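In: next one to model:
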Amino acid sequence: MKAAIEAPIMKPGVPVPSAVSSFFELMKLKMVFHILITTFVGFYLGSKVEMELALLWHTLLGTGVLAIGAFALNQAIEKDYDKLMERTRARPIPTERVGRTAAVVFGGICFVTGTAYLWVWVNGLTAILGAATLVLYAAVYTPMKRMSSLNTLVGAIPGALPPLMGWTASQGTIGMGGMILAAILFFWQLPHFLALALMYKDDYRLGGFKMLSVTDPTGEACFRHIIVQTLILILVSLFPFVFRLAGPWYLAIALIGGGYFMLAAVSLSRRRTREAARALFFTSLAYLPVILLVMAWDKAIVFV
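Out: Residues are numbered from 1 along each chain as shown. Prediction:
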């Protein structure tokens, strides 16, 4: 039975992807795209007059390479655990379409290349933040998922750094605006990933991951944290207006979006079903790009 569970699984009748397409799958380009949206917003908001398009390009390219490297290393580390979970067992490394060694080498090359690229073409501070993002994600958060339910809290740190990198790329310093953007991303991730943990709690249990939904089978702690963290997110999302980073249109959208987010969180707390967790998860996916793009559209003149 164990061998059957751990064997790489491919659906019958489905052609095996080529090596090239398997490597593209390893890169998780959709997630990289979402990361680059947050980086772009940070860069745009930090630009004092007009955006330096060449600098923006260098920032996005270096950040994207580091994100790709982080995802590759994460999957290489979790190969044996991904085999145990329905959600992940068809990934390139568990199915051995991409070797673990190849993924580690590829991730290492991305780490060195991305960091060096940002250092040379952007600035040292952004390069350091980028390197820290990859290290925290791959070397701290990834192994911690099997050690403590606090992994979600730790994992939110590297997830919060890309918009800060965009800000530091354009301004050269962290500043209040950069910290506000990082705070929004940090608190957004907590209800977002707790909803995901509830959706796939059985999978995480099979993989041996100590997500909060696994260590607290009643779900009480998850529901409580989701409500509290969503409330904090709504409060933090007002900071761009309070500190004159964005204008009144942003404030209106942040309040409406935050209210809808809270309704989904309260609905999950009351219904306690996988469908309600899914609804909150997709609400969070829609919420983030909307408020970030509106923040950029309603950018204020005063910079902090």
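
In: you'd agree E96 is in a strand?
Out: No - E96 is assigned coil when assessed by DSSP: H, G, I helix; E, B strand; the rest coil, not a strand.

In: what's the distance between it and G207?
Out: E96 is 18 Å from G207, where distance means C-beta to C-beta, to the nearest Å. Every C-beta, even on glycine, is put in place using the N, C-alpha and C of the backbone.

In: between the two, which has more neighbouring residues?
Out: Each of E96 and G207 has its neighbours counted (other C-beta atoms under 10 Å); G207 has more, 23 against 12.

In: the more buried one contacts D80, correct?
Out: No - the criterion here is C-beta atoms under 8 Å, and G207 misses it with D80 at 9.2 Å.

In: count the neighbours of S18 for me.
Out: S18 has 10 nearby residues by other C-beta under 10 Å.

In: now the phi/psi pair for A246, please.
Out: phi -140, psi 170 (degrees, to the nearest 10).

In: so it bridges to which residues?
Out: In this structure, A246 bridges to K299 when assessed by DSSP bridges.

In: show me the contacts for it.
Out: Neighbour list for A246: L45, P240, V294, M295, D298, K299, A300 [criterion: C-beta atoms under 8 Å, 6 or more residues apart in numbering].

In: quick one: secondary structure of E50?
Out: Taking three-state DSSP as the rule, one finds E50 in the coil state.

In: from M85, how far out is it?
Out: 47 Å.

In: so for those two, which sits in the more crowded spot?
Out: Neighbours were counted for E50 and for M85 using other C-beta under 10 Å; M85 has more, 21 against 6.

In: name the element that one belongs to?
Out: M85 belongs to no helix or strand when assigned by DSSP states H and E.

In: got a pLDDT number for it?
Out: Listed pLDDT for M85 reads 91.

In: same question for V112.
Out: 98.

In: what about it, how many residues nearby?
Out: Other residues close to V112 by other C-beta under 10 Å number 13.
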